[in-house]
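Undergrad: After the sequence you'll find the predicted model.
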Amino acid sequence: MRTNDFNWNDLNVFLEIAKQKNLSGAAIKLGVTHSTVFRRINGLESNIGVKLFYRKPDGYHLTEIGSELLSHVEHVRSHIDDFSRLLDNRNN
């Protein structure tokens, strides 16, 4: 795995798929197309060399490593949200 291959946009896609359990729901939440979500999650998995989801007829389900990564990505998301609030407050 090459850590320089992490891209926040890809991790954000990962986070939305984990929440929505499907590509269409994630695409709607992110304001992108289904194919963009599909391409980004496949690219992320390819770059890091692990499968983050099991693809099943009823949706996307986290693998064990996907579950572990989710807690870290949620933590990062929280920090980004805090940083955004700080900047918003400073600019008002």
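TA: Sure thing, it's come through.
Undergrad: Quick check, central residue of this structure?
TA: In the chain, the residue lying closest to the centroid (Cα atoms, centre = their mean) is residue 14, at 2.1 Å.
Undergrad: so that residue sits in a strand?
TA: No: Residue 14 is assigned helix when assessed by DSSP: H, G, I helix; E, B strand; the rest coil, not a strand.
Undergrad: State the distance from it to residue 91.
TA: Plainly put, residue 14 is 29 Å away from residue 91 if you go by Cβ to Cβ, to the nearest Å. From N, CA and C alone the C-beta is placed, and that goes for glycine too.
Undergrad: can you dump the C-alpha coordinates of stretch 28-48 into CSV?
TA: Included here for stretch 28-48 are C-alpha records, laid out as CSV according to Å, rounded to 0.1, in the frame of the first residue of the first chain:
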residue,chain,number,x,y,z
ILE,A,28,-27.0,11.4,-4.8
LYS,A,29,-25.5,12.5,-1.4
LEU,A,30,-22.2,13.4,-3.1
GLY,A,31,-23.8,15.1,-6.1
VAL,A,32,-22.0,13.0,-8.6
THR,A,33,-22.9,10.2,-11.0
HIS,A,34,-23.2,6.5,-10.1
SER,A,35,-20.3,5.8,-12.5
THR,A,36,-18.1,8.3,-10.7
VAL,A,37,-18.8,6.6,-7.3
PHE,A,38,-18.1,3.2,-8.9
ARG,A,39,-14.8,4.4,-10.5
ARG,A,40,-13.6,6.1,-7.3
ILE,A,41,-14.2,3.2,-5.0
ASN,A,42,-12.7,0.7,-7.4
GLY,A,43,-9.7,3.1,-7.8
LEU,A,44,-9.3,3.4,-4.0
GLU,A,45,-9.4,-0.3,-3.5
SER,A,46,-6.9,-0.8,-6.3
ASN,A,47,-4.5,1.8,-5.0
ILE,A,48,-4.5,0.5,-1.4
